[in-house]
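[1] Compute the structure for the input listed below.
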Amino acid sequence: MTRFYFDFRQGQELAPDTIGGEFADVEKAYLEAFKAAQEMWGELLSRRRDPRRCAFEVHDGNGNNLFVLPFLELLESCQDRIPLEKSTEETVRQTIDAVTLVRHR
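    Reported below is the predicted structural model:
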């Protein structure tokens, strides 16, 4: 098992991970970082922080940079999902139009 460190970057601020976690390989560390980013997304929004500006910068115990996981990658992973049915898509569009109309009154 290798110890991986997940430094958290938010814009220009960097919060170093001094504890880290042990994983079998880089792939397992990446999956853990992705899961943690998913869990943090809603909390960041509730604090009025933009999660799209956040990332995990992952390195090993020797300080070797292994990968960066921009939280924006979470959104990109949703692009291959099955498209909404036409009727559902139209309902969503109508709802957005109605909300926009009310806000502009």
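[2] For this protein, which segments count as strands?
    Secondary structure of the chain (DSSP state E): strands at 2-10, 13-15, 21-23, 54-60, 65-70.
[3] Compile those into TSV and extend it with columns for mean pLDDT, mean neighbour count and distance to Q38.
    Every residue, glycine included, has its C-beta placed from N, CA and C. Below are the strands of the chain laid out as TSV (pLDDT from 0 to 100; neighbours: other CB atoms under 10 Å; distance: least, CB to CB, whole Å):
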stretch	mean pLDDT	mean neighbour count	distance to Q38
strand 2-10	96	18	14
strand 13-15	95	10	18
strand 21-23	95	14	16
strand 54-60	95	20	12
strand 65-70	94	15	11
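[4] would you turn the ones you listed into TSV with distance to E76?
    TSV is the format used below for the strands of the chain (distance: least, CB to CB, whole Å):
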stretch	distance to E76
strand 2-10	18
strand 13-15	23
strand 21-23	23
strand 54-60	13
strand 65-70	9
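[5] so which of the ones you listed gets nearest R47?
    strand 2-10 (10.5 Å; CB to CB).
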